[in-house]
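Q: how would this look folded up:
(2 chains)
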Amino acid sequence: MSSPSLAGWLHRHPGARLAGLLSAPLLWLVVAYLGALGVLLVSAFWTVNAFTGDMVRQPTLDNFRTIVGEPVYRAVTLRSLGVAAGVTVIDAVIALPMAFFMAKVAAPRWRRWLVIAILTPLWASYLVKAYAWRVLLSPEGPMSWATGYSPGYGLTATVVTLTYLWLPYMVIPVFAAFERVPDSLVDASSDLGASDFATLRMVVAPLVFPGIAAGSIFTFSLSLGDYIAVTIVGGKTQMLGNIIYGQLVTANNQPLAAALSIIPLAAIIAYLLAMRRTGALENV
Amino acid sequence: MRTRAFIAVLGAVSLVVAGCGDDKKKSNTESQGETKTSTTSDGSLQKLGAGEGAVNVIAWAGYVENGSNDPKVDWITGFEKDSGCKVNAKVAGTSDEMVTLMKTGQYDGVSASGDATLRLIQAKDVVPVNTALIPNYADVFSGLKDKPHNTVNGKNYGIPHGRGANLLMYRTDKVSPAPTSWSTVFDGASPYAGKVTAYDSPIYIADAALYLMKHKPELGIKNPYALDDAQFTAAVDLLKTQNRSIGEYWSDYTKEVEAFKSGNSVVGTTWQVIANLAEADKAPVAAILPSEGATGWSDTWMVAAKAQHPTCAYKWLDWIVSPQVNAQVAEYFGESPANSKACGYTADKTFCATYHASDAAYASKIWYWTTPTAQCLDGRTNVTCKDYSAWTQAWTEIKG
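A: Reported below is the predicted structural model:
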């Protein structure tokens, strides 16, 4: 008997209905998601007893002073941002013609197979793919004896591997964007006397740009946070993720790790704001 | 149709839940009924209870072998049969990793090297060990007992396991002439640029300091773990130069085996066990103790303050230093055993002589890992030395 009356009560109180619907996900967002980030931010102001490794809970700016003062952190930050930007640009350059071909040139019955071909590598484990590149790029490996050249393990190998790993995340949004460009617009443009290049620049590019922006958010943030591929193919290269992991696991300095992890966090937020300013996020 | 499937799923779930519940009940009664361990005020055990059925240990690679790496190398099966304690081992690559893992409170014991023991004791992550409950302790070399790294205020915090040196490994087909000095990885590393490897831990700075101790006597280094400003800077600079020749750093031993096998690394620091594994994989490698001597380790099995399986932990400590097992571990890892009777059980009868097990003069030439502190370990009082946090910071900078 209680449930009909409860339903009636809820019907009469839309506010309570909304609260009941949203409180669980809100609780999740605030406690589990923002709460974890909050703890991270707070612990960045603590220090660690150098000898015993116990946490000293007295607020201090020492960690931030270390990060700003030591040139090594600046160098690693710049290197990580460079890798993330490089991977994003290379992925975009590869993805644009691929997506264009898939959406506009290939016969419709081939389109589905091409999408599957792009997505299939995502089925294999990240580690398997990274180790495959380790074997491929080895100074004594297949690439070396087939072409006589291999970049060896290092920064180049890291960029190559990450570019490969995140390519599908760029191709799919760009493909979707190309698909949404109506052929009639292109026809109209050329009917009105625009050259192919002008059509591409003034009609297609603005419509496809949000797709590239969406893809770039994936490739940029995934590359910036990566630390596993770089340990596998990066040789002695350190990225921000490696330093954070090292401080957390090897040096047992959670406060410094927390302070360091604010760098990629800030970089991603800045990137998202920049993307929002271009208007790219409005119709993704 | 759908309801029937739903009922079937529900039934399966409830069966699983019931099964789990039973298990839990059983183990609860077991631990209540049989284990009666009692501890003294300092946290050490007074007497052993019945085994808890499992023991979780943190160990160096090669210390806990159950035959999965090599069917002939197995001292876990016997222990599990004998004691009823299932061994769950977590292999750690560096002392820092061991200290961090011990803080999780999930482990009962750890094979800590001298650069971890005091940190664990100070942080109260480990408790003293009642050596009377470890019969095999009596046979441990007296030169390893009651040392500053395993005994504080007269209390023994663990059972010595063995000791050895960090060696120089090289590919015999790629490195010639055969190296005799650490200079192959420092001043003379350039012919092998991009193929040199080094141990990925701040404690490796001591290897550079040891090299400088022999080659730059004007720096006045007396102990590679006691470095003042000028000495520390010299060691860090040497490592920054070395970094240009480094291909990869290693702390995961499987990665080093693979790197030497494929030829991605041709020369660098190693442990004997890694050389053995690489040789077993048919890699043409050799490992030597260079003329300058070496850094090394002296390990101690310790018991966690929050051990959930204290009795099994004590049984494990006794087993791992028992003459036969200690001989097996020592021979497999390539270190001198801690148990004086172990020398009678090694497959190679000259093993203990080769590894100078009872030779105190030899052991004094090895600089065993220890935690650097601001108060200089070599006894100097007119200068401050660099403490371990400075070493950690410098290590990040060296890698760049």
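
Q: so for the host helix or strand of A:Ile212, what gets flagged as buried?
A: A:Ile212 is located in helix A:205-225, with elements delineated by DSSP states H and E. Residues of helix A:205-225 classed as buried: A:208, A:210-225 (neighbour count, 16 or more other CB atoms under 10 Å in any protein chain shown). C-beta coordinates here come from the backbone N, C-alpha and C atoms, glycine included.

Q: can I get that helix as CSV, trimmed to CA atoms?
A: Extracted in CSV, the C-alpha atoms of helix A:205-225 (Å, rounded to 0.1, in the frame of the first residue of the first chain):
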residue,chain,number,x,y,z
ALA,A,205,37.3,23.3,-42.5
PRO,A,206,35.0,25.3,-40.1
LEU,A,207,32.6,22.3,-40.0
VAL,A,208,35.3,19.8,-39.3
PHE,A,209,37.3,21.8,-36.8
PRO,A,210,35.2,20.9,-33.8
GLY,A,211,35.9,17.2,-34.6
ILE,A,212,39.7,17.8,-34.6
ALA,A,213,39.3,19.8,-31.4
ALA,A,214,37.4,16.9,-29.7
GLY,A,215,40.0,14.4,-30.9
SER,A,216,42.9,16.6,-29.8
ILE,A,217,41.5,16.7,-26.3
PHE,A,218,41.8,13.0,-26.2
THR,A,219,45.3,12.7,-27.7
PHE,A,220,46.7,15.7,-25.7
SER,A,221,45.5,14.6,-22.3
LEU,A,222,46.2,10.9,-22.9
SER,A,223,49.8,11.7,-24.0
LEU,A,224,50.4,14.2,-21.2
GLY,A,225,49.4,11.6,-18.6
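
Q: chain center to the helix or strand just after it: distance?
A: Counting by DSSP H and E, the next helix or strand C-terminal to helix A:205-225 is helix A:228-233. Mean-position distance between helix A:228-233 and its chain equals 16 Å (CA atoms, centre = their mean, to the nearest Å).

Q: tell me which other helices or strands helix A:228-233 touches.
A: helix A:126-137, helix A:155-180, helix A:240-245 (3 or more CB pairs under 8 Å, 6 or more residues apart in numbering or on different chains; DSSP states H and E).

Q: how much space between B:Val257 and chain A?
A: As judged by CB to the nearest CB, to the nearest Å, B:Val257 and chain A stand 14 Å apart.

Q: number of nearby residues for that residue?
A: By other CB atoms under 10 Å in any protein chain shown, 25 other residues sit near B:Val257.

Q: gap between it and B:Asp70?
A: 13 Å (CB to CB, to the nearest Å).

Q: tell me the secondary structure at B:Leu168.
A: strand (DSSP: H, G, I helix; E, B strand; the rest coil).

Q: go ahead and confirm it touches B:Val266.
A: No - under the criterion of CB atoms under 8 Å, B:Leu168 makes no contact with B:Val266, lying 11.6 Å away.

Q: could you point out the longest helix of chain A?
A: helix A:71-100 (DSSP state H).

Q: tell me the buried residues in the following helix or strand past it?
A: Using DSSP H and E, the helix or strand that follows helix A:71-100 towards the C-terminus is helix A:108-119. For helix A:108-119, the neighbour count (16+ other CB under 10 Å) marks A:111, A:114-115, A:118 as buried.

Q: need those in CSV (columns: pLDDT and distance to A:Gly152).
A: Converted to CSV, the buried residues of helix A:108-119 look like this (pLDDT from 0 to 100; distance: CB to CB, whole Å):
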residue, pLDDT, distance to A:Gly152
A:Arg111, 91, 39
A:Leu114, 93, 33
A:Val115, 93, 35
A:Ile118, 92, 29
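
Q: how about a markdown table for those residues, with distance to A:Leu40 added?
A: Output for those, formatted as a markdown table (distance: CB to CB, whole Å):
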| residue | distance to A:Leu40 |
| --- | --- |
| A:Arg111 | 44 |
| A:Leu114 | 41 |
| A:Val115 | 38 |
| A:Ile118 | 35 |
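
Q: closest one of the residues you listed to A:His13?
A: Top of the list for closeness to A:His13, among the buried residues of helix A:108-119 and by CB to CB, is A:Val115 at 46.9 Å.

Q: which ones are touching the closest one?
A: A:102, A:172, A:175 (CB atoms under 8 Å, 6 or more residues apart in numbering or on different chains).

Q: redo that, cut-off 7 Å
A: Counting by CB atoms under 7 Å, 6 or more residues apart in numbering or on different chains, A:Val115 makes contact with A:Met102.

Q: same question for the one 3 residues further on.
A: With CB under 7 Å, 6+ apart as the criterion, the residues that contact A:Ile118 are A:168, A:171-172.

Q: of the helices and strands packed on helix A:228-233, which is nearest chain B?
A: Ranking the helices and strands packed on helix A:228-233 by proximity to chain B (CB to the nearest CB) places helix A:240-245 first, at 6.3 Å.

Q: how far off centre is the helix or strand following that closest one?
A: Using DSSP H and E, the helix or strand that follows helix A:240-245 towards the C-terminus is helix A:254-277. The chain centroid and the centroid of helix A:254-277 are separated by 12 Å under CA atoms, centre = their mean.

Q: establish whether helix A:254-277 and chain B are in contact.
A: No - Helix A:254-277 lies apart from chain B when judged by CB under 7 Å from any CB of the partner chain; the minimum separation is 9.2 Å.

Q: got the confidence number for residue 191?
A: You didn't say which chain, so I picked chain A. At A:Asp191, the model reports a pLDDT of 92.

Q: ah, no, chain B please
A: pLDDT, read off for B:Pro191, is 92.

Q: does it belong to a helix, a strand or coil?
A: helix.

Q: just give me the neighbour total for whichever residue of the stretch 1-150 of chain B sits closest to chain A.
A: Nearest residue of the stretch 1-150 of chain B to chain A, counting by CB to the nearest CB: B:Ala123, 3.7 Å away. Residues near B:Ala123, counting by other CB under 10 Å, number 18.

Q: chain A contacts on the stretch 251-400 of chain B?
A: Counting by CB under 7 Å from any CB, the stretch 251-400 of chain B comes close to chain A at B:262-264, B:371, B:373, B:387-389, B:392, B:396-397, B:399-400.

Q: quick one: the helices in chain B?
A: B:2-33, B:76-83, B:95-102, B:114-122, B:205-215, B:229-243, B:253-262, B:272-280, B:310-320, B:323-333, B:351-354, B:360-363, B:388-399.

Q: check what pLDDT the residue nearest the centre of chain B gets.
A: Geometric centre of chain B, nearest residue: B:Trp60, 4.0 Å, by CA atoms, centre = their mean. On the pLDDT scale, B:Trp60 is placed at 93.

Q: need the phi and psi values for it.
A: In terms of degrees, to the nearest 10, the main-chain angles of B:Trp60 are phi -70, psi 150.

Q: can you pull the contacts of it?
A: B:Ser111.

Q: so which helix or strand takes in the spatially closest residue to A:His11 that is not a sequence neighbour?
A: Of all residues not flanking A:His11 in the chain, A:Arg17 sits nearest, at 7.8 Å (CB to CB, 6 or more residues apart in numbering or on different chains). For A:Arg17, the host element (DSSP H and E) is helix A:14-27.

Q: tally of neighbours for the residue nearest to B:Gly293 when sequence neighbours are not counted?
A: Closest residue to B:Gly293 apart from its sequence neighbours, by CB to CB, 6+ apart: B:Lys365 at 4.7 Å. Using other CB under 10 Å, B:Lys365 has 14 other residues around it.

Q: from one end of stretch B:283-299 to the other, what's the distance?
A: Using CA to CA, to the nearest Å, the end-to-end distance of stretch B:283-299 comes out at 28 Å.
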